[in-house]
Each structure stands twice: as structure tokens, then as C-alpha cells.
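Colleague: I'd like to go over a predicted model; first the sequence, then the structure.
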Amino acid sequence: MLKNLLAVGVIGTAILVTGCQTTPNAAAGIQANNLSLLQSKTWYLTQIGHTEIKTTADRNTPTLQFDQSTQRLSGSDGCNRIMGSYTAGRDTLTLGPVASTRMACLNNGNIDQQFNEALAKTANYQAYGKTLKLTDRHGNVVLQFTSEVPQQ
């Protein structure tokens with residue numbers, strides 16, 4: 001009887017210890033996957049708020065790139081080159097001050113101004129497949145991008 005009780009105790013302890021071993025952190029895996037989708041590719045603007053952006057051969061397409069190694073963002077607002085810093089988490093995106101060139105752009109429908117205003121509202125991101133959505137703190141999409149090169 002004592003041997004059976006001891007055997008059950010040893011087996012129970014072994015199961016308990018095995019069950020308490022650390023497992024890979026699922027949240028860390030999700031964050032790494034989200035960051036890999038966000039970073040190291042060029043994102044082409046398709047939408048500002050609810051307005052679809054059509055690109056044409058005579059207008060520059062607003063773009064963003066997130067460099068993982070330097071934590072810097074770069075791109076174009078459709079008129080000027082932009083650059084700045086960023087910090088990204090699992091789904092959060094904090095943009096540092098964004099600097100830009102100051103070229104005069106005519107007949108671009110104020111896309112550059114709308115783009116920069118929306119970019120300033122960014123608080124989160126959703127990246128999946130070939131789509132990137134930047135959202136404000138309330139979850140509203142402020143900018144949407146694709147990683148597919150637009151046909152001009």
C-alpha cells in the first residue's frame with residue numbers, strides 16, 4: 001500500500017513539474033509576426049479615411065517604409081519625402097516627429113496635407129497579407145496601404 005501511494009505521489013509530482021515548464025510565449029510570437037508584416041517592405045497608399053486614393057502616372061503615390069534595424073520610417077506623402085522614427089508593438093504604432101522636404105506641389109488634390117494629418121492620428125496598426133491599416137486610438141482606419149506596386 002505504501003509503495004502504491006509513493007508511486008502515485010512520484011507520478012503526480014512528475015506530471016505537475018512537466019506541466020509547469022515554460023512554453024513559448026504566444027503573445028511574443030504574434031508580435032514578431034505582426035512586426036515582420038509591418039517592416040521591411042514598401043507600403044503604397046490606397047485609402048485616406050473612407051476615401052479611396054487613385055494613383056495616376058502624373059501623381060506620386062504616397063508610400064511608407066518601416067526599417068526594423070534603425071526604427072526609422074521613410075517614404076513620401078505624395079509630394080514631399082518624409083522621414084522620422086517609430087516604435088511598434090504587437091498592434092501599437094507610435095510615430096516620432098516626422099520631418100519632410102518642402103516642395104511646392106500643384107494639382108495633387110491636397111493629398112499630401114490629408115496624408116500628414118491622418119499620419120499624425122496613428123496609434124495602432126493592423127498588418128495582414130498585403131494590407132496595412134493604420135488606425136487612430138478609437139480603432140478608426142485613418143490610412144490604408146497595400147504592398148503591391150500600383151499599376152500606373
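Modeller: Happy to help now that I have it.

Colleague: C-terminal to the helix or strand bottoming out on mean pLDDT in the chain, what's the next element?
Modeller: Confidence across the helices and strands of the chain bottoms out at helix 2-19, with a mean of 58, counting by mean pLDDT, DSSP states H and E. Later in the chain than helix 2-19, the nearest helix or strand by DSSP states H and E is helix 26-38.

Colleague: What lies in contact with that next one?
Modeller: Counting by CB atoms under 8 Å, 6 or more residues apart in numbering, helix 26-38 makes contact with Phe66, Gln68, Ala88, Gly89, Arg90, Asp91, Leu93, Tyr125, Ala127, Tyr128, Leu132, all of which sit outside it. Every residue, glycine included, has its C-beta placed from N, CA and C.

Colleague: Kindly give a single PyMOL line that selects the buried subset of the residues you listed.
Modeller: For the buried members of the contacts of helix 26-38, the matching PyMOL selection, counting by 16 or more other CB atoms under 10 Å, is:
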select buried, resi 66+88+93+125+127+132
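
Colleague: out of the contacts of helix 26-38, which one sits closest to Glu52?
Modeller: Leu132 (15.4 Å; CB to CB).

Colleague: Tell me if I am right that the closest one is in a helix.
Modeller: No: assignment of Leu132 by DSSP: H, G, I helix; E, B strand; the rest coil gives strand, placing it outside any helix.

Colleague: quick one: contacts for it?
Modeller: With CB under 8 Å, 6+ apart, Leu132 has these contacts: Leu37, Leu38, Trp43, Leu64, Tyr125, Gln126, Gln144, Phe145, Thr146, Ser147.

Colleague: May I see the buried residues of stretch 44-63?
Modeller: Neighbour-count burial for stretch 44-63 [16+ other CB under 10 Å]: Tyr44, Leu45, Thr46, Gln47, Ile48, Ile53, Thr55, Arg59, Asn60, Thr61, Pro62, Thr63.

Colleague: Dump that stretch to PDB, restricted to CA.
Modeller: What follows is stretch 44-63, C-alpha atoms only, in PDB (Å, rounded to 0.1, in the frame of the first residue of the first chain):
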ATOM      1  CA  TYR A  44       1.600  52.100 -51.100                       C
ATOM      2  CA  LEU A  45      -1.400  54.300 -50.000                       C
ATOM      3  CA  THR A  46      -4.800  53.100 -51.200                       C
ATOM      4  CA  GLN A  47      -7.200  55.000 -48.800                       C
ATOM      5  CA  ILE A  48      -7.300  58.000 -46.500                       C
ATOM      6  CA  GLY A  49     -10.100  57.600 -44.000                       C
ATOM      7  CA  HIS A  50     -13.000  56.300 -46.200                       C
ATOM      8  CA  THR A  51     -11.700  57.900 -49.400                       C
ATOM      9  CA  GLU A  52     -10.100  55.700 -51.900                       C
ATOM     10  CA  ILE A  53      -6.900  57.100 -53.500                       C
ATOM     11  CA  LYS A  54      -6.400  56.500 -57.200                       C
ATOM     12  CA  THR A  55      -2.900  56.800 -58.400                       C
ATOM     13  CA  THR A  56      -2.100  58.100 -61.900                       C
ATOM     14  CA  ALA A  57       1.100  58.400 -63.900                       C
ATOM     15  CA  ASP A  58       1.300  62.100 -63.200                       C
ATOM     16  CA  ARG A  59       1.000  61.900 -59.400                       C
ATOM     17  CA  ASN A  60       3.400  60.400 -56.900                       C
ATOM     18  CA  THR A  61       1.800  57.700 -54.800                       C
ATOM     19  CA  PRO A  62       2.200  58.200 -51.000                       C
ATOM     20  CA  THR A  63       4.300  55.500 -49.500                       C
END
